[in-house]
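In: attaching a predicted model along with its sequence, questions to come.
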Amino acid sequence: MKQSLFESRHQAEWQAFASQLEALERGKADSQHSRGFAAAYRRQCQHLALAQTRGYSSRLVEQLQQLAMRGHQQFYRHRSPLGAQLLGFLLGGFPRLVREEWRCVLSASLLFFGSLLGMGVLVYLFPDLVYSLVDPEQVGSMERMYDPDASRLGRFAERDSGDDWMMFGFYIMNNIGIAFQTFASGLLLGLGSLFYLLFNGLMIGAVAGHLTQIGYGQTFWSFVIGHGAFELTAIALAGAAGLKLGWALLAPGRLPRGEALRLAAARSVRLVGGVILFLLLAAFIEAYWSSMTLASANLKYLVGAGLWALVLAYLLLAGRGRHAPD
């Protein structure tokens with residue numbers, strides 16, 4: 001291709017790219033400019049390579065080279081590293097996403113926390129009801145775990161403090177397994193998530209009601225109130241992500257089911273990313289704080305109330321200002 005034809009064909013594109021550069025250099029670029037910049041920069045580099053390969057005039061090569069160099073500086077200046085993207089997601093993107101998906105979050109929360117509280121009250125009033133959900137051996141194990149005379153609370157209460165890091169790993173694997181099960185089963189038209197939300201709520205409620213009824217309430221509630229702020233919320237959010245998948249299959253609207261599921265999955269997976277963070281925090285608190293018997297029950301209640309307030313404030317208020325990159 002002759003140089004004159006090459007220039008006439010792409011001159012408008014070069015001028016548009018130069019305008020993008022000026023806007024970026026002055027800090028006045030809008031989101032539309034930023035989104036199209038990477039593709040325009042790649043095109044500019046391609047044109048420079050063609051001009052050099054075809055032996056076009058040094059004037060044209062130098063002009064394209066200057067644009068490419070300026071583009072290179074802006075591209076690497078404005079490209080958000082992974083760490084910055086992750087931080088932006090945690091500080092604003094995740095809580096905004098939870099609020100945007102409030103219908104699924106509310107539905108999952110009502111199913112999970114409603115069944116938990118309801119079963120807890122029923123078992124407290126009718127003690128034998130616990131055995132309809134939990135076998136006697138498991139009930140006995142729970143009683144030993146939260147015995148007020150135990151030196152450590154929770155699973156494997158006979159361990160010493162040096163084993164806390166192993167319990168931290170155990171809690172991570174166990175909690176993430178429950179959350180993933182609750183989320184992924186949403187592909188069964190949402191019925192799987194519905195089942196696991198109710199199942200986990202009923203089981204936790206039954207155990208809570210039984211331990212409270214036999215007089216172990218203080219050790220049980222002081223144990224769970226801290227890490228429960230993150231763990232129980234994470235289970236509800238995992239269920240919300242699963243319900244979103246199921247709803248996309250049940251009611252795709254005007255989209256093909258495959259496309260509706262793809263779009264829903266993109267948002268659901270981001271929700272699960274925040275769920276994993278919550279579960280990591282829950283596992284750490286459960287292993288190193290909740291199981292301690294040195295701290296008084298009143299102190300644990302105070303810390304637990306603060307953690308619940310922190311979680312609610314984070315989900316309801318974080319990210320309401322200027323949107324950071326997610």
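Out: Nice, thanks for sending it over.

In: quick one, what contacts the closest residue to residue 134 other than its chain neighbours?
Out: Counting by C-beta to C-beta, 6 or more residues apart in numbering, residue 134 lies nearest to residue 206, which is 5.7 Å off, once chain neighbours are set aside. To be clear about C-beta, it is placed using only N, CA and C from the backbone, and glycine gets the same treatment. If you count contacts by C-beta atoms under 8 Å, 6 or more residues apart in numbering, residue 206 has them with 119-120, 123, 129-130, 133-134.

In: of the residues you listed, which is the nearest to residue 247?
Out: Proximity of those to residue 247 (C-beta to C-beta) peaks at residue 119, which lies at 25.9 Å.

In: can you get me a residue count around the residue lying closest to that closest one once chain neighbours are set aside?
Out: Nearest residue to residue 119 in three dimensions, chain neighbours excluded: residue 205, at 3.3 Å (C-beta to C-beta, 6+ apart). By other C-beta atoms under 10 Å, the residues close to residue 205 number 25.

In: swap in the one 5 residues further on?
Out: Using other C-beta under 10 Å, residue 210 is surrounded by 24 other residues.

In: check residue 60 too.
Out: By other C-beta under 10 Å, the residues close to residue 60 number 18.

In: do the one 10 residues further on as well
Out: Residue 70: 19 surrounding residues under other C-beta under 10 Å.

In: where's the residue nearest to it when sequence neighbours are not counted, which helix or strand?
Out: In this structure, residue 70 finds its nearest non-sequential neighbour in residue 21, 5.0 Å apart by C-beta to C-beta, 6+ apart. For residue 21, the host element (DSSP states H and E) is helix 3-25.

In: which residues touch the helix or strand just after that helix?
Out: Along the chain past helix 3-25, the next helix or strand (assigned with DSSP H and E) turns out to be helix 31-53. For helix 31-53, the external contacting residues (C-beta under 8 Å, 6+ apart) are 6, 10, 13-14, 16-17, 20, 23-24, 29, 60-61, 64-65, 67-68, 71-72, 74-75, 78.

In: one more time with 10 Å, if that's ok
Out: Contact with helix 31-53 is made by 1, 3, 6-7, 9-10, 13-14, 16-21, 23-24, 29, 56-58, 60-72, 74-75, 78-79, 323, 325, as judged by C-beta atoms under 10 Å, 6 or more residues apart in numbering.

In: now do the buried residues in it.
Out: 37, 40-41, 44-45, 47-48, 51 (16 or more other C-beta atoms under 10 Å).
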